[in-house]
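Participant: all I have is the shape, not the residue letters:
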């Protein structure tokens with residue numbers, strides 16, 4: 001039997017950031033990770049300039065001062081005066097964050113799959129870990145969220161690694177029946193992450209991916225799929241907290257999750273340390289989610305008219321001033 005101030009399930013960016021802050025404050029912290037290594041999650045690995053203060057320089061792979069958006073009729077190349085989008089090495093990020101958490105005094109246990117959750121202890125590898133507080137930072141299929149009996153709403157995704165040096169970040173947004181989605185290419189090092197994502201239940205990801213790859217003459221290999229939970233129903237439930245994708249804090253529009261994971265992990269740790277803390281970071285995330293939801297309503301209210309609006313937006317994005325105004329209004333990227 002082990003007793004801790006805080007037990008954290010999941011050694012992703014949210015869990016590791018929370019662990020570092022809590023350990024620095026003198027809390028007894030353990031992070032339980034079901035995998036044998038840290039940072040193996042498959043994602044686009046993209047961040048924007050606002051994320052840079054949160055990301056170690058060693059984890060950044062490439063910088064981009066332009067990105068390409070494609071509608072069905074138009075292509076817009078949006079250039080910025082300095083690099084605005086970056087791709088990172090997710091595994092390296094995880095290892096650096098784990099090193100900082102361990103240095104602060106947090107214990108990280110790998111290959112520890114949680115099999116039971118109560119309001120005072122969890123069971124992992126047939127051992128009980130008692131806690132004063134529990135943080136579920138265990139992603140879009142969160143066991144902690146299931147314990148709290150909260151619903152899930154997710155993006156379906158399907159993608160692969162293209163072993164080729166690609167120059168540009170490219171996105172192909174699409175309006176689907178009762179939903180929204182996109183195909184994207186994110187260059188990273190000497191490879192690129194290629195994938196399709198949608199929240200529409202009427203879309204076959206396999207057919208969409210086949211269509212895009214055929215159009216661009218890209219050969220698929222090693223397909224992987226992972227959900228992105230964007231259904232926010234709260235993050236504090238007594239002595240149990242949810243962070244990142246487990247809390248549904250990912251963007252409903254872009255699926256971005258690294259920034260919200262780190263910020264929410266940081267905010268929850270501060271709340272556990274100081275009960276008067278007001279979740280400044282999470283409130284900002286929720287404000288951005290609200291703006292994204294408004295834009296999604298515009299983009300999906302009617303498939304025909306929404307497709308016309310999307311064409312206009314892509315065409316207008318060629319003008320940097322318009323693109324900047326649109327980004328600032330809806331907090332895109």
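Facilitator: Arrived safely. Worth saying up front: this structure is predicted, and the values here are computed from it rather than measured.

Participant: so where's the stretch 201-333 of the chain shaky on pLDDT?
Facilitator: The stretch 201-333 of the chain contains residues with pLDDT under 70 at 318-333.

Participant: from residue 188, how far off is residue 15?
Facilitator: Taking C-beta to C-beta, to the nearest Å as the measure, residue 15 falls 23 Å from residue 188. (C-beta placed from N, C-alpha, C; glycine too.)

Participant: so what's the residue nearest the centre of the chain closest to, chain neighbours aside?
Facilitator: Centroid check for the chain by C-alpha atoms, centre = their mean gives residue 257 as the closest residue, at 1.6 Å. Spatial nearest neighbour of residue 257, excluding adjacent residues (C-beta to C-beta, 6 or more residues apart in numbering): residue 250 at 4.4 Å.

Participant: which parts of this protein are helices?
Facilitator: Counting by DSSP state H, the chain has helices at residues 13-24, 90-104, 143-147, 205-216, 258-273, 280-300, 303-316, 320-330.

Participant: and these: which comes nearest residue 75?
Facilitator: helix 303-316 (7.5 Å; C-beta to C-beta).

Participant: which residues touch the residue nearest to residue 257?
Facilitator: Counting by C-beta atoms under 8 Å, 6 or more residues apart in numbering, residue 250 touches 140, 155, 228-230, 244, 256-257, 260.

Participant: among the residues you listed, who's most crowded?
Facilitator: Each of the contacts of residue 250 was scored for neighbours by other C-beta atoms under 10 Å, and residue 244 scores highest at 34 neighbours.

Participant: out of the contacts of residue 250, flag the one nearest to residue 316.
Facilitator: Of all the contacts of residue 250, residue 256 has the smallest distance to residue 316: 22.0 Å, by C-beta to C-beta.

Participant: would you mark the buried spots in stretch 88-101?
Facilitator: Across stretch 88-101, burial judged by 16 or more other C-beta atoms under 10 Å covers 88-90, 93-98, 100-101.

Participant: I should have written stretch 125-139 there, sorry.
Facilitator: Those would be 129, 131, 133-139, for stretch 125-139 by 16+ other C-beta under 10 Å.

Participant: show me the contacts for residue 222.
Facilitator: 160-161.

Participant: typo on my end, residue 112
Facilitator: The contact partners of residue 112, taken as C-beta under 8 Å, 6+ apart, are 32-34, 124-125.

Participant: tell me the one of the buried residues of stretch 88-101 nearest residue 194?
Facilitator: residue 90 (15.6 Å).
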